[in-house]
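# what follows is a predicted protein model with its sequence.
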Amino acid sequence: MKQTFKIGGNLEVNRLGYGAMRLTGQPGNFGPYENWDQGIALVRRAYELGVAFFDSAWAYGPEHADRLVGEALEGLPAVIATKGGVDKPAPGNIVVDGSRDALLRQIDQALVNLRVDQIDLFQLHRVDPNTDIEVSIEALAEAEADGRIRHIGLSNVSRDGLDRALKVAPIASVQNRFNSAESADAALVDYTASLGIAYIPYGPLGAHPMQQGAKLAPADALRWLLERSPNIVVIPGTTSIAHLEDNMTALQVA
């Protein structure tokens with residue numbers, strides 16, 4: 001089993017990454033993480049253990065996960081992804097806006113929050129029902145062309161949405177919910193693999209996005225994903241260094 005994957009064809013990462021959604025206030029992933037310094041230490045420990053890919057989003061906090069990851073990894077050669085097009089002005093209040101102005105504004109602020117000159121991977125967090133996906137991707141392509149982002153990705157997207165996006169710009173990743181107990185996206189996993197697109201499953205352990213706790217045994221669930229397809233890059237999230245260290249064994253055993 002190949003242990004790395006090249007996102008966008010040129011960003012080679014260990015296929016076991018880290019998802020930063022939990023590094024926010026609870027409940028509802030709203031507000032700053034209550035133990036900021038511990039969060040910084042956890043992200044840096046993940047990097048020390050070989051994690052090269054860190055996934056965040058504007059909506060996590062909102063902005064607070066980006067800020068924590070940016071502070072923890074400043075100056076380190078990690079690959080950082082974030083997402084935009086979704087905001088969270090209050091716990092449980094999700095606002096989707098995939099317009100050009102909203103996306104470019106979030107990209108500019110994410111550059112500040114992540115403390116980088118260029119965002120490695122910027123993913124459309126959710127397709128806006130009031131904005132054609134082509135319009136959203138054109139905005140991201142604009143940011144890619146001027147160097148603000150390096151690669152474009154999609155999240156919560158269908159095969160049709162991916163195909164429409166591909167007519168506008170190259171797509172480096174798809175991030176949808178997928179795990180050994182929820183495999184409705186199996187055909188899209190295979191399709192992205194055939195195109196050389198990274199597939200980044202969220203909820204790899206079956207946890208609900210707004211609740212603590214996972215339904216699946218971590219080691220077995222992560223191994224299943226890693227063995228399922230060579231383009232899968234898993235991003236389990238945790239707030240425990242001990243749990244993080246346990247998760248890292250999945251790649252070696254698989």
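That came through, no problem.

# now F5: which helix or strand?
Taking DSSP states H and E as the definition, F5 sits inside strand 4-7.

# contact partners of that strand?
The contact list for strand 4-7 (CB atoms under 8 Å, 6 or more residues apart in numbering) reads 12-15, 53, 79, 120-121, 151, 172-173, 198, 230-233. Using the backbone N, CA and C atoms, a C-beta is placed for each residue, glycine as well.

# and for stretch 67-81?
For stretch 67-81, the external contacting residues (CB under 8 Å, 6+ apart) are 7, 11, 13, 20, 23, 32-33, 36, 39-40, 43-44, 47, 51-56, 61, 113-116, 119-123, 153, 173, 200.

# list only buried entries from the contacts of strand 4-7.
13-15, 53, 79, 120-121, 151, 172-173, 198, 231-233 (16 or more other CB atoms under 10 Å).

# make JSON lines from those and add pLDDT and distance to E138 to it.
JSON lines is the format used below for the buried ones among the contacts of strand 4-7 (pLDDT from 0 to 100; distance: CB to CB, whole Å):
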{"residue": "V13", "pLDDT": "97", "distance to E138": "27"}
{"residue": "N14", "pLDDT": "95", "distance to E138": "32"}
{"residue": "R15", "pLDDT": "96", "distance to E138": "31"}
{"residue": "F53", "pLDDT": "98", "distance to E138": "26"}
{"residue": "V79", "pLDDT": "98", "distance to E138": "24"}
{"residue": "D120", "pLDDT": "98", "distance to E138": "20"}
{"residue": "L121", "pLDDT": "99", "distance to E138": "18"}
{"residue": "H151", "pLDDT": "98", "distance to E138": "16"}
{"residue": "A172", "pLDDT": "99", "distance to E138": "16"}
{"residue": "S173", "pLDDT": "99", "distance to E138": "18"}
{"residue": "A198", "pLDDT": "98", "distance to E138": "22"}
{"residue": "N231", "pLDDT": "98", "distance to E138": "25"}
{"residue": "I232", "pLDDT": "98", "distance to E138": "28"}
{"residue": "V233", "pLDDT": "98", "distance to E138": "26"}
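
# farthest-apart pair in those residues, please.
D120 and I232 (18.1 Å; CB to CB).

# now, the buried ones among the contacts of strand 4-7 that are in helices?
Using DSSP state H, no member of these sits in helices.

# show me the helices in the stretch 101-250 of the chain, by range?
133-145, 159-166, 186-195, 218-228, 241-253 (DSSP state H, counting those that start in this stretch).

# same list (those) but as a markdown table, adding mean neighbour count.
A markdown table is the format used below for those (neighbours: other CB atoms under 10 Å):
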| stretch | mean neighbour count |
| --- | --- |
| helix 133-145 | 20 |
| helix 159-166 | 16 |
| helix 186-195 | 15 |
| helix 218-228 | 19 |
| helix 241-253 | 16 |
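
# among these, which comes closest to L103?
So among these, helix 133-145 is nearest, using CB to CB, at 4.5 Å.

# I'd like to know which elements that closest one is packed against.
helix 100-114, strand 119-124, strand 149-155, helix 159-166 (3 or more CB pairs under 8 Å, 6 or more residues apart in numbering; DSSP states H and E).

# the first one packs against which elements?
Applying 3+ CB pairs under 8 Å, 6+ apart, one finds that helix 100-114 makes contact with helix 64-73, strand 79-84, strand 119-124, helix 133-145.

# just the buried residues of that helix, please?
Residues 102-104, 106-107, 110-111, 113-114 are the ones in helix 100-114 that count as buried (16+ other CB under 10 Å).

# if we can go back for a sec, out of the contacts of strand 4-7, which comes closest to E182?
Among these, and counting by CB to CB, the member closest to E182 is I232, at 14.1 Å.
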